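In: coordinates only, sequence not included:
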C-alpha cells in the first residue's frame, strides 16, 4: 500500500511539473506579444508626432528639422529611449537610434531588434507608410 502512494505522489509531481512547463511557455509567448504591441503603440505615437510637425509647417511655414532621427522631430519620446548610439546596447527593452545605419531600433528582452527607417521623400505607390513626405517604415527584425 505504501508503494502505491509513492507512485501516486510521483505521478502528481510529474503532472504538476508538465503543467507548469506549459504555463511558463504560454506566459513567455504572451510576454513577447505584449512587448510587440507596446512597440507598435509607440511607433503609432511617433508617426502622429511626425505628422504634427509636418502639419505645423504646412499651416505656419518654416522648415522641417534636418535630423535623420525621427525622435528629434517629436516632442514626446518613449520613456525607455536611451539616445543615439553607434551600435547595439547591452540594455534590453529599450529604444535607441543607430547612427551607423540611421535606424530607430527597439531591442526586445529576448535580444531581437525591431528596426524602423525614417524617410523624407515624396509618397509613391509602394511607400504606404509615408504621409505628406514623411514616414516611418518597419524593416525586417534582426536576431542577435
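Out: All right, it came through fine. Predicted model, so just to flag it, every value in this text is computed and none were measured. Numbers count the residues shown, from 1 in each chain.
In: okay, CA-based contacts and neighbour counts for the rest of this
Out: Will do.
In: the host helix or strand of residue 95 pairs with which strands, parallel or anti?
Out: Per DSSP states H and E: residue 95 is located in strand 94-98. As defined by DSSP bridges, the strand partners of strand 94-98 come to strand 81-85 (parallel), strand 103-107 (antiparallel).
In: show me how far the first one is from its chain's centre.
Out: Yep, that's strand 81-85 we're talking about. Here strand 81-85 is found 14 Å from its chain centre; the criterion is CA atoms, centre = their mean, to the nearest Å.
In: would you mark the buried spots in that strand?
Out: 83, 84 (16 or more other CA atoms under 10 Å).
In: which residues are in contact with that strand?
Out: 94, 95, 96, 97, 98, 99 (CA atoms under 8 Å, 6 or more residues apart in numbering).
In: also the last one?
Out: By CA under 8 Å, 6+ apart, the residues outside strand 103-107 that reach it are 39, 69-70, 91-98, 113-118.
In: just the buried members of those?
Out: 39, 69-70, 92-98, 113-118.
In: what segments of the chain are strands?
Out: With strands called from DSSP state E, the chain shows them at 81-85, 94-98, 103-107, 113-120, 130-131, 134-138.
In: centre of the chain to the longest one, how far?
Out: By that I understand strand 113-120. Relative to its chain's centre, strand 113-120 lies at 11 Å (CA atoms, centre = their mean).
In: what distance do you get for the residue nearest the centre of the chain to residue 106?
Out: Nearest to the mean C-alpha position of the chain, counting by CA atoms, centre = their mean, stands residue 39 at 3.4 Å. Noted for residue 39: a distance of 7 Å to residue 106, by CA to CA, to the nearest Å.
In: for this structure, what are the low-confidence residue spans?
Out: Scanning the chain for pLDDT under 70 picks out 1, 121-132.
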